[in-house]
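Asker: what shape does this take:
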Amino acid sequence: MDKQELILIDKEGNVALDNLAQVDTSEYEIVANSIDESNPNSILNYGSELQSSLASQSDSFLSNVRRSNSGEVGELINGLLIELNYVDVDELQQNKLKGFLRKLPFMKKIVTEVENLFAKYDKIVNNIDSISHKVNAGIINSAKDNAVLQTIFDSNVHSVKELEKYIIAGSMRLERSRTELMEMETKPDQYQDYEISDKRDFVNRLDRRLADLKVVRLIILQSLPQVRLVQSNNISIAEKAQTILTTTLPVWKNQLTLAVAMHRQQQHIEIQEKISSTTEEILRKNAERLGQNSRQVAQANERTIVSVETLRETTASLINTLNDVKKIQNEGALSRKQLDSDLQKLETELRNNLKNS
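Answerer: Take a look at the predicted model:
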């Protein structure tokens, strides 16, 4: 609206009739004179074409909104977040290869678990890529919606100007008619009763019609910031979606790649540590066994074939044996001597007995 129109009509639709004298009213006079007092439908149709145009524009916009898929952008972003929520980087930090060297028969199972884990992330990345394409399409639709909204906005601004023209012109005609009615009421003898009644009815109906037009004007004025708010929301959604596509997702994929790389590094470090630990354990045990064997070999090399203790024991045993044998022999010799003596006695006794018989 230009300065001239701001002066003539305020935000509530009230016309400053005192300021009309300062502007060219010829355009408003033409519109005001288009109202035919003799035609009952003249007031009813006053500004109706403009209202019909507004209704048509609203229907066209609603039709565009129904066909648009821009509302899916929010749902797609939610779907994107759901996919991202499936990602648990900590899952990569689990010690999948604990006890690797002690459980070599299970190595195949461990590798399978890791491959399944990566397959899961590959599927999520594919889903995210698919959603990203849809988000891009939604961003384009949001831009189209905003273009339509801008058309509606511009049209509403023009409609407000047209409505104000009707309101100003109608207010001029209403003021003039009220003046005419006051003159007729002060001189009732010069007019027929129905003429005064018709004039009064015309003034009331025109006043109601202007009130309706002011309401429509106010509604359209209120719609202007509403349209701007919807446009701003569309832009915010598109910008957020664009940020997710151009910044968040690349960062997420980059961090996931780093997480996988660090997970593999951790696996390698654990394997190397286990190998080093096992090697150190083997070296310690081998060194211990080497020391023990070396001491035993040295001791064996320093020993004689038969120890002095053994020789002492065998010598003592041999001496005892010899003494025992000698003792037995002596005892045998004594026994034999005694036997000879006993035999001689027996033989003597036997002879004596034979002689006496």
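
Asker: next secondary structure element downstream of the helix or strand harbouring Y194?
Answerer: Using DSSP states H and E, Y194 maps to helix 193-243. Downstream of helix 193-243, the next assigned helix or strand under DSSP H and E is helix 249-302.

Asker: show me what that next one is packed against.
Answerer: Applying 3 or more Cβ pairs under 8 Å, 6 or more residues apart in numbering; DSSP states H and E, we find helix 249-302 packed against helix 107-186. Yep, even glycine has a C-beta here, placed from its N, CA and C like the rest.

Asker: what is the helix it packs on packed up against?
Answerer: Helix 107-186 sits against helix 3-8, helix 26-33, helix 48-67, helix 72-85, helix 193-243, helix 249-302, with contacts defined as 3+ Cβ pairs under 8 Å, 6+ apart.

Asker: quick check: angle from that helix to helix 249-302?
Answerer: Interaxial angle, helix 107-186 versus helix 249-302 (axes from the mean of the first three to the mean of the last three Cα atoms, to 10 degrees): 160 degrees.

Asker: quick one, helix 107-186 and helix 193-243 angle?
Answerer: Counting by the same axes, to 10 degrees, helix 107-186 lies at 160 degrees to helix 193-243.

Asker: phi, psi for Q192 please.
Answerer: Here is the backbone geometry of Q192 (degrees, to the nearest 10): phi -70, psi 150.

Asker: which stretches of the stretch 1-150 of the chain have low pLDDT?
Answerer: The model of the stretch 1-150 of the chain has pLDDT under 70 over residues 1-7, 21-22, 54-122, 124, 127-128, 131.

Asker: mind doing that once more with 80?
Answerer: Where the stretch 1-150 of the chain drops to pLDDT under 80, the residues are 1-25, 40, 49-142, 144.

Asker: likewise the stretch 251-357 of the chain?
Answerer: Applying pLDDT under 80 to the stretch 251-357 of the chain flags residues 251-275, 297-308, 311, 356-357.

Asker: hmm, 70 instead?
Answerer: Those would be 256, 259-260, 263-264, 267, 302-306, 357, if you go by pLDDT under 70 across the stretch 251-357 of the chain.

Asker: so who does the spatially closest residue to E162 that is not a sequence neighbour touch?
Answerer: Nearest in space to E162, with sequence neighbours left out and distances taken as Cβ to Cβ, 6 or more residues apart in numbering, is L50 at 5.3 Å. Going by Cβ atoms under 8 Å, 6 or more residues apart in numbering, L50 touches S159, E162, L163, Y166.

Asker: what residue spans form the domains of this protein?
Answerer: The chain breaks down into these domains under automatic domain parsing: 3-268, 312-357.
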